[in-house]
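> return atomic coordinates for the entry below.
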Amino acid sequence: MVILEWIYFGILLQKKRLIVEKRRLGRTGHSSTVVTFGAYSIGKLSQPDADSAIQMCLDYGVNHIDIAPGYSESMERVAPWMPDLRSKMFLGCKTPMRTRDDVWSNVQDIMGRMNVDSFDLFQLHSVIDLETLDLVTGKGGALEALIEMQEQGLTKWLGITGHGPSSPATHLEALRRFNFDTVMFPVNASMYRNPEYREDSDTLIQFCNQNDVGIQTIKMIARGGWADKAKDCATWYDPYREQEEIDEALWWQLSQKIDTAPSCGEFSLLEKILDAGSRFQQLSTEAQENITSTRVSIDPEPKLAII
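Numbering: from 1, shown residues only. This next block holds a predicted model:
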């Protein structure tokens, strides 16, 4: 009887850990967990440690992975898992290349590194301004290769990603030029203290919601820049570290009309983010505004529009 009670308790504990909420990722139709596994965090880990991180995400019920070729050795770390993982996780990948030919070379390299022959979502990575957008959408640009990939069955969906102050406005223009299926850009309460960034982000979110474009939001726990502080995390911004702070930051982000949020690049914070996701509570409009109004960055980060 005691053994059965402990088994039942273990089941309850496991269920409590699951990230239950899923949201439809726009027209892709995929029901993504509200937290995506951001594979940047395992790029510099040993294989055993990376294995533990991947298993942790699976234990929490995460069903969407975000990865890119520039994330150190992350592709090599997930490669042994791919025969099993492809049926369990929506695979979103990116290319930093700007021309059609360079993308095709990059895709072949990515497939070899990851041990995959197709993707669910393939994205133009870090398109942050109109100059870059002109390059990738112009004749011979990277977008041509993505369209060819989709036509050949190598990816189901196409997306665009970006960091920085001009990303929302750039992505809105991108959607006017081409019917991308998803966008990925930063949204957090610290950045929303910047009125221009907030207006641009809200405009993009509204457009995406109206046109069935999936929204992935990054930089959930960014609180400012490093300035002269010693850098003790793998993120290029200074993140929140305490569980209560992470809860508040993630819950604020997920209370916006977005679909899913990739976890940050610091491995030591991964479980705290997953735990916060498993306990997500929708914040009232009043609570959201209170958090935004009280966000004070110790050190601004212009690259993230944090003032």
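> just want the most central residue of this structure.
With distances taken as CA atoms, centre = their mean, residue 262 lies nearest the centre of the chain, 2.9 Å away.
> from residue 107, how far out is it?
Residue 262 is 21 Å from residue 107, where distance means CB to CB, to the nearest Å. C-betas here are computed from N, CA, C, even on glycine.
> ok, now residue 92?
Distance from residue 92 to residue 107, by CB to CB: 14 Å.
> more neighbours, the two?
The neighbour comparison of residue 92 against residue 107 (other CB atoms under 10 Å) goes to residue 92, with 32 against 22.
> which SS state does the more buried one fall under?
Here residue 92 is recorded as strand under DSSP: H, G, I helix; E, B strand; the rest coil.
> just residue 79 next, same as before
helix.
> in contact with the nearest residue to it once chain neighbours are set aside, which residues?
Residue nearest to residue 79 in three dimensions, not counting chain neighbours: residue 115, with 4.1 Å by CB to CB, 6 or more residues apart in numbering. Contacts for residue 115 (CB atoms under 8 Å, 6 or more residues apart in numbering) come out as 79, 80, 82, 83.
> residue 115 and residue 161: what is the separation?
In this view, residue 115 and residue 161 are 23 Å apart by CB to CB.
> identify the residues contacting residue 249.
188, 189, 220, 221, 223, 240.
> most neighbours of all the residues you listed, which one?
The contacts of residue 249, ranked by neighbours (other CB under 10 Å): first place residue 188, 29 neighbours.
> that's a helix at it, yeah?
No: using three-state DSSP, the assignment for residue 188 is coil, not a helix.
> hmm, who's touching the helix or strand containing residue 102?
According to DSSP states H and E, residue 102 maps onto helix 100-114. Helix 100-114 has contacts (CB under 8 Å, 6+ apart) with 67, 69, 75-76, 78-79, 82, 93, 95-97, 116-117, 122, 140-142, 144-146, 148-149, 154.
> show me which of those residues are buried.
Using 16 or more other CB atoms under 10 Å as the burial test, those include 67, 69, 75, 78-79, 82, 93, 95-97, 116, 122, 141-142, 144-146, 149, 154 as buried.
> show me where the stretch 1-150 of the chain has strands.
Secondary structure of the stretch 1-150 of the chain, counting by DSSP state E, counting those that start in this stretch: strands at 22-24, 31-33, 35-38, 64-66, 90-95, 119-124.
> for those strands, give me a markdown table that also has distance to residue 283 and mean pLDDT.
Below are the strands of the stretch 1-150 of the chain laid out as a markdown table (distance: least, CB to CB, whole Å; pLDDT from 0 to 100):
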| stretch | distance to residue 283 | mean pLDDT |
| --- | --- | --- |
| strand 22-24 | 16 | 98 |
| strand 31-33 | 19 | 98 |
| strand 35-38 | 16 | 98 |
| strand 64-66 | 22 | 98 |
| strand 90-95 | 26 | 98 |
| strand 119-124 | 28 | 98 |
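> could you dump those to CSV with distance to residue 267?
Output for these, formatted as CSV (distance: least, CB to CB, whole Å):
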stretch, distance to residue 267
strand 22-24, 24
strand 31-33, 19
strand 35-38, 10
strand 64-66, 15
strand 90-95, 19
strand 119-124, 23
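> now stretch 214-226: buried residues?
Quick answer for stretch 214-226 (16+ other CB under 10 Å): 214, 215, 216, 217, 218, 219, 220, 221, 222, 223, 224, 225.
> and the second one, which of the three is it?
Secondary structure state of residue 215, per three-state DSSP, is strand.
> test my guess that it contacts residue 208.
Yes: using CB atoms under 8 Å, residue 215 is in contact with residue 208, at 5.1 Å.
> and the helices in the stretch 201-307 of the chain, which stretches?
243-254, 270-278, 285-294 (DSSP state H, counting those that start in this stretch).
> what's the last one packed up against?
Helix 285-294 sits against helix 243-254, with contacts defined as 3 or more CB pairs under 8 Å, 6 or more residues apart in numbering; DSSP states H and E.
> between helix 270-278 and the helix it packs on, find me the angle.
50 degrees (axes from the mean of the first three to the mean of the last three CA atoms, to 10 degrees).
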